[in-house]
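Undergrad: Let me see the structure of the following:
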Amino acid sequence: MKKVICSQKAPGAIGPYSQAVEVNGMIFVSGQLPINAATGVMAEGAEAQAIQSLENIKHILGEAGLTMANIVKTTVFLSDMSLFINMNKVYASYFDGDFPARSAVAVKALPKDALVEIECIAVR
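TA: Numbers count the residues shown, from 1 in each chain. Coordinates of the predicted model:
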């Protein structure tokens, strides 16, 4: 049975999807754009956008009683691979010890012209 997870501290879905869904102890977090839920403003620059996307993930996982340590897989979407170094520096600071598996890909465009979007899978 699936359970929808939603945090008011992360931006609401901008389409027909849930922020996260839990099934059998696995939490699938939808791609998080770098939007501050309190202000509705998108962060500027790759580092700031990576921070905000990861903070949104942290809030959603917190709603499920989990932390970043529960993440086993992430996918990072970048509007340009030249942003990888700045994103990676921020990304590394959000994990202690063992890092989750990760893919990072450049895409033609992201919603709302974001530079960074991050999704993840976590387990209880």
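Undergrad: Just the buried residues of the single longest helix found in the chain, please?
TA: Longest helix of the chain, by residue count under DSSP state H: helix 46-63. Of all the residues in helix 46-63, those buried under the rule 16 or more other Cβ atoms under 10 Å are 46-61, 63. Placement of C-beta: from N, CA and C, glycine included.
Undergrad: ranges for the strands of the chain?
TA: Counting by DSSP state E, the chain has strands at residues 2-5, 20-23, 26-32, 71-78, 101-106, 116-123.
Undergrad: Report the rounded mean pLDDT for stretch 87-98.
TA: Mean pLDDT, computed over stretch 87-98, is 94.
Undergrad: Hmm, I typed the wrong one, I wanted stretch 40-52.
TA: Stretch 40-52 comes out at a mean pLDDT of 96.
Undergrad: How far does that stretch sit from its chain's centre?
TA: Between the centre of stretch 40-52 and the centre of its chain there are 12 Å (Cα atoms, centre = their mean, to the nearest Å).
Undergrad: Residues contacting it, please?
TA: Stretch 40-52 has contacts (Cβ atoms under 8 Å, 6 or more residues apart in numbering) with 11, 33-36, 78, 83, 86-87, 89-91, 112, 114-116, 118.
Undergrad: likewise stretch 67-79?
TA: 27, 31, 46, 54, 57-58, 61, 84, 87, 91, 94-97, 100-107, 109-110, 113-124.
Undergrad: So what would you say the end-to-end distance of stretch 22-38 is?
TA: 25 Å (Cα to Cα, to the nearest Å).
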